[in-house]
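Asks: Sequence first, predicted model second:
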Amino acid sequence: MESVKPILEFKNTCVSYTKQTMAVKYVSAAIERNTITAIMGPSGCGKSTLLRAVNLMHNLYPNIRVDGEILLNGENILAMEPIDVRRRVGMVFQRPAPFPTMSIYDNVLSGFVLNGIKLSKAEKDATVERCLRSVALWDEVKDVLNKKGTFLSGGQQQRLCIARALAMKPDVLLMDEPTSALDPIATKHIEELLLELQKGVTILIVTHNMGQARRISSKSMFMYLGELVEYGDTETMFTNPIDERTKSYLTGKMG
Amino acid sequence: MNKLKIRHRLAKDKLMLWSICLLAALTAVPLLAILGEVLLRGYDQLSWSFFTEPTPTAYKVTKAIEAGEPIPGGIANGIVGTMIMLGMAVMVAVPLGILCGAFLAENGKNRFAQFVSYLTDLLQGTPSVIIGIITYIWVVVPMKGYSAIAGSVALCIMMLPLIIRSTEETLKILPASLKEAGLALGGNNARVMMKVQLPAAFGGIFTGVLLAVSRVIGETAPLMFTALGCSFVRFAVDKPISAVPLLIWEFFNDPNLQELIWGASLFLLLFVLTLNLLSKYLAKKWNQ
């Protein structure tokens, strides 16, 4: 079998908040195109920190240092302009954060507005419908597009945020515990949605929920104290983990 | 024994509650007393002509007093002057204050920002009479005369720190996720500020502007050095102009006009009250 070129590759990636302590230590991993990769681990293990390194969120905070390389299609992200990277790498946050002053319609298009891209009315309508359909929200909101995004339920808001990220047609979608603030039914909807979306976009998802990782991801990373302990096929990791730490986390002895 | 203890504690609780209510009521007394006094004394003077006619001349007043009639005229010159100066001050202070507030909220730890923040505090604490005399030297002397422009410069300087602070505070309490979400979509800092953060903070900023306006609308001292006063309605911005608080001071100094003080005071008080209520209402509405 011909090896597929990875879309995203971590090479000795390190993140440190202070000079003494490293939150992420020498992580190396290659992420395949159009897969869902779950990042698991106990609180404070550095999984969100690793995720936020990919779209250069750490640049906002001058104390944080990111070292090593992160390659997107072979290009080192850390040497690129943040606004360039973020256009190609979308992100969905833990708490649904639709822009409170914008309507549902404007929320979907906010990426274009924030990038200063002008669209015609027809293009706008088409984009909004395409994106809302892709997150299975269109039928629920097509008559209330002018209402504020915050008027929706938590699960709907999160789907709106996913639609907003997808509107920019990113190569990679980063998700930081996207369902931890949602109820089980909304969570189920989002999970089904992600399985559908992976056909068009590579998803990297941080999750606390082992069941979720098992249900949706094809590859999993297990992180502990900033290190990438184990990375491989999700099924193999759950049934036959190599590392003792992975095993004790997955069996609930550590967490 | 336990029952007795509980009863004792409940009694203490009640006593505490009543004393707090009493003290709270006491603080409201001066405000209500002022409002009542001004309302009682000023109510009679409020009529249509009070708002449409300028200050009466000494001749008209003497004639009215001789004939035993109420004093004619009103405060139209003051109202027009106040509105012109406030309008000009707001047009400069609002954009400047919002930009400065946004800068402080975004770069709080930067040395320069801390310096600016400190200066804002100082400016807020500067006595208005000093701002008046400084504006006199900066504006009135070079322009060779008192003017509405000079008055609005003084008011603008007084409004700035209030607008800066309210903008800064409102932006700071917005959730960080909002800004991060905007940046994560590829927006640059300026665009995220203009399209996401400032609109989300609008309610707080607008309230701040209204409070700043109600704070400076009653300022008298700085206007004495800058606007001087004028006894007729005037729209020119480069000439001396009147203002409601200036009129109150003038009425107080003229034994024949003292009756007009109360009408003017009532107008000022009601205006500020309306602005406060409006800002409360808008802030509430915006937050929903």
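Replies: Looks like it arrived, so ask away.
Asks: for chain B, what's the longest helix?
Replies: helix B:2-42 (DSSP state H).
Asks: So which other helices or strands are in contact with that one?
Replies: For helix B:2-42, the packing partners by 3 or more CB pairs under 8 Å, 6 or more residues apart in numbering or on different chains; DSSP states H and E come out as helix B:260-287. The way it works is simple: take the backbone N, C-alpha and C, and place the C-beta from them, glycine included.
Asks: Determine the number of other residues adjacent to the closest residue to B:Phe271 other than its chain neighbours.
Replies: Nearest non-adjacent residue to B:Phe271, counting by CB to CB, 6 or more residues apart in numbering or on different chains: B:Ile217, 6.5 Å away. The tally of other residues near B:Ile217 (other CB atoms under 10 Å in any protein chain shown) stands at 19.
Asks: wouldn't A:Ala97 be in contact with B:Ala176 here?
Replies: No: between A:Ala97 and B:Ala176 there is no contact under CB atoms under 8 Å: 9.8 Å.
Asks: Looking at those two, which one has more neighbours?
Replies: Taking neighbours as other CB under 10 Å, A:Ala97 and B:Ala176 compare with A:Ala97 leading, 26 against 10.
Asks: Show the contacting residues for that one.
Replies: By CB atoms under 8 Å, 6 or more residues apart in numbering or on different chains, the contact set of A:Ala97 is A:161, B:175, B:177-178, B:180-181.
Asks: now the helices: where do they sit in the chain?
Replies: If you meant another chain, say so; for now it's chain A. A:47-54, A:82-88, A:104-114, A:121-134, A:138-141, A:154-166, A:184-197, A:210-216, A:234-239, A:244-250.
Asks: Let me rephrase: I mean chain B.
Replies: Along chain B, the stretches classed as helices by DSSP H are B:2-42, B:48-52, B:58-67, B:76-106, B:111-125, B:128-135, B:141-143, B:148-173, B:176-184, B:189-192, B:198-216, B:221-226, B:244-253, B:260-287.
Asks: Adding mean pLDDT and distance to A:Leu182 as columns, could you present the ones you listed in CSV?
Replies: Converted to CSV, those look like this (pLDDT from 0 to 100; distance: least, CB to CB, whole Å):
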stretch, mean pLDDT, distance to A:Leu182
helix B:2-42, 92, 42
helix B:48-52, 89, 58
helix B:58-67, 86, 74
helix B:76-106, 96, 31
helix B:111-125, 94, 38
helix B:128-135, 96, 53
helix B:141-143, 96, 64
helix B:148-173, 96, 25
helix B:176-184, 92, 15
helix B:189-192, 94, 26
helix B:198-216, 92, 23
helix B:221-226, 95, 56
helix B:244-253, 93, 56
helix B:260-287, 88, 24
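Asks: Relative to B:Arg234, which of those is closest?
Replies: With CB to CB as the criterion, B:Arg234 lies closest to helix B:76-106 of the helices of chain B, at 6.9 Å.
Asks: Just give the nearest non-adjacent residue to B:Lys285, would you?
Replies: B:Gly203 (7.8 Å).
Asks: Show me what from the stretch 101-250 of chain B comes close to chain A.
Replies: B:175, B:177-178, B:180-188, B:191-192, B:195-196, B:199-200, B:202 (CB under 8 Å from any CB of the partner chain).
Asks: Quick check: ChimeraX command selecting the buried ones in those.
Replies: Remark: buried members of these, expressed as a ChimeraX selection using 16 or more other CB atoms under 10 Å in any protein chain shown:
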select /B:178,180,181,182,183,184,185,186,187,188,191,192,195,196,200
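Asks: list the buried ones in stretch A:213-229?
Replies: Under 16+ other CB under 10 Å, the buried positions of stretch A:213-229 are A:213-217, A:219-224, A:226-229.
Asks: Could you list the residues of the stretch 101-250 of chain A in contact with chain B?
Replies: A:101-102, A:110-111, A:113-116, A:161, A:164-165, A:168.
Asks: if we go to 10 Å?
Replies: Counting by CB under 10 Å from any CB of the partner chain, the stretch 101-250 of chain A comes close to chain B at A:101-102, A:106, A:110-117, A:148, A:150, A:161, A:164-165, A:167-168, A:170, A:174.
Asks: Show the contacting residues for A:Lys247.
Replies: By CB atoms under 10 Å, 6 or more residues apart in numbering or on different chains, the contact set of A:Lys247 is A:222, A:230, A:237, A:240-241, A:253-254.
Asks: Can you read off the pLDDT for the closest residue to chain A within the stretch 151-288 of chain B?
Replies: The stretch 151-288 of chain B approaches chain A most closely through B:Gly187 (3.0 Å), counting by CB to the nearest CB. Predicted confidence (pLDDT) at B:Gly187: the value is 90.
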